[in-house]
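>>> Here is my input; please provide its structure:
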Amino acid sequence: MIKYIFTILFIAFGLVITPAVNCAEKTSLHEYTAGTNDMLEIKVLDYPDLRTVTTVATDGSITFPYIGTLNVKGKRLSEIEEEITKKLGESFIKYPVVAVSLVKSESRKIFAYGEVARPGEFPFGENITVVKALSIAGGITANGLYGKVKVRRGQKGKPNYKDIDIDLKGTIEGSTAEDILLQPDDIIIVERNKTFFIYGEVNKPGEYVLEKDMTAIGSLSVAGGITANGLYGKVKVRRKQTGEAEYKDIDIDLKGTIEGSTAEDMLLQPDDIIIVERNKTFFVYGEVNKPGEYVLTNDMTVLKSLSLAGGFTKWGSPGRVKVLRPKNNNAGYETIKADIDDAIGGDADKDIILQSGDIVVLSTGIF
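Numbers count the residues shown, from 1 in each chain. Below you'll find the predicted structure:
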């Protein structure tokens with residue numbers, strides 16, 4: 001008995017709420033704004049021959065018997081009804097009752113351009129967000145994964161657009177506050193990744209995506225690290241100057257950064273070029289145990305170079321050390337005598353600081 005009563009109440013309740021739902025849907029459609037390519041149906045009560053199914057033309061107009069051309073683009077269905085009712089009532093029909101309904105919507109679109117798999121226009125849907133729209137467009141390409149995403153939206157009553165930046169990373173990580181509901185005619189733009197370049201003595205030179213907070217030192221890790229031939233080379237960032245054709249070179253103190261000085265590192269900008277130069281070198285020849293080419297580290301001196309080269313042979317003489325230093329424009333060498341005895345004795349001022357390309361020569365001391 002209780003089950004029977006409940007069933008009766010449920011059916012009765014359903015009958016009560018059904019008209020309310022239909023009414024709400026009708027009201028919602030009545031507020032629909034007509035646009036290009038929308039298909040509308042127009043009826044006039046007691047005049048079946050006036051029933052018209054028409055498509056809104058590209059100029060925003062439709063045609064209707066006895067009235068001719070009407071501009072309906074941008075008008076709500078209720079406003080179109082009022083206008084047709086007024087024009088028919090002026091001369092053709094007394095007290096006309098007009099109904100305008102939407103047959104098919106073709107004007108409500110959204111657009112996705114840039115680095116998406118399927119750029120173009122897509123049907124607008126209720127409750128569609130940026131992330132959902134990007135999914136409809138096939139997702140973001142590899143060239144846009146770190147690019148800027150923005151929604152370009154028309155301003156009511158104004159000819160210009162407003163750009164709304166979207167934090168796509170924050171949205172993907174679960175921050176719904178970063179996603180937004182789209183409106184008809186919104187344009188989603190996915191820009192190409194910003195990039196930078198690394199050349200010189202790194203293991204994987206080339207072009208790389210500029211991720212957020214990428215620094216000069218961090219980029220070296222992305223490029224596989226510095227090769228042995230660049231461990232003591234100069235590191236610099238070559239940056240294009242705004243409004244100028246020239247670049248500016250910014251030196252990076254790699255040693256200071258590695259030792260913990262964050263002040264020596266810097267954030268990269270789009271199109272920056274990181275250059276890791278080859279190690280500067282010098283040469284040691286003559287009466288030393290390990291003659292050859294050596295890396296020129298900071299504050300390298302003649303005395304230190306002789307130690308690197310394994311020290312004197314039994315034929316070497318501290319009094320017969322000289323430095324051959326290249327002249328500018330490849331104009332030969334300048335000969336500099338080195339007072340090794342004084343340097344060995346503790347007079348640091350007598351020890352010569354070497355330069356790139358210097359040749360330290362230790363002659364025999366037999367004669």
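
>>> Next, the buried residues of the longest strand seen in the chain.
The longest strand of the chain (DSSP state E) is strand 316-326. Neighbour counts over strand 316-326 (16 or more other C-beta atoms under 10 Å) mark 316, 317, 318, 320, 321, 322, 323, 324, 325 as buried. Every C-beta, even on glycine, is put in place using the N, C-alpha and C of the backbone.

>>> residue contacts, the residue nearest to the fourth one when sequence neighbours are not counted?
In other words, residue 320. For residue 320, ignoring the flanking residues on the chain, the nearest one in space by C-beta to C-beta, 6 or more residues apart in numbering is residue 363 at 4.1 Å. Contact analysis of residue 363 by C-beta atoms under 8 Å, 6 or more residues apart in numbering lists 286, 287, 316, 317, 320, 321, 322.

>>> confidence score at the first one?
Right, residue 286. Note for residue 286: predicted pLDDT of 93.

>>> Let me have the buried residues of strand 316-326 in TSV, extended by distance to residue 128.
TSV is the format used below for the buried residues of strand 316-326 (distance: C-beta to C-beta, whole Å):
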residue	distance to residue 128
316	83
317	87
318	84
320	86
321	80
322	80
323	75
324	75
325	72
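
>>> Throw these into JSON lines and include pLDDT, thanks.
Below are the buried residues of strand 316-326 laid out as JSON lines (pLDDT from 0 to 100):
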{"residue": "316", "pLDDT": "82"}
{"residue": "317", "pLDDT": "79"}
{"residue": "318", "pLDDT": "81"}
{"residue": "320", "pLDDT": "86"}
{"residue": "321", "pLDDT": "91"}
{"residue": "322", "pLDDT": "92"}
{"residue": "323", "pLDDT": "93"}
{"residue": "324", "pLDDT": "93"}
{"residue": "325", "pLDDT": "93"}
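
>>> which among these gets closest to residue 230?
residue 325 (23.9 Å; C-beta to C-beta).

>>> what bridges to that closest one?
residue 334 (DSSP bridges).

>>> Roughly how far does it sit from residue 353?
11 Å (C-beta to C-beta, to the nearest Å).

>>> and what of residue 202?
28 Å.

>>> Tell me which of these two has more neighbours.
A direct count of neighbours by other C-beta atoms under 10 Å for residue 202 and residue 353 places residue 202 higher, at 22 against 11.

>>> pLDDT at the residue lying closest to the more buried one once chain neighbours are set aside, what is it?
Nearest-residue entry for residue 202: residue 223, 4.2 Å, with adjacent residues in sequence omitted and distances by C-beta to C-beta, 6+ apart. pLDDT for residue 223: 95.

>>> What residues does residue 223 make contact with?
Contacts of residue 223 (C-beta under 8 Å, 6+ apart): 198, 202, 203, 204, 205, 206, 208, 274.
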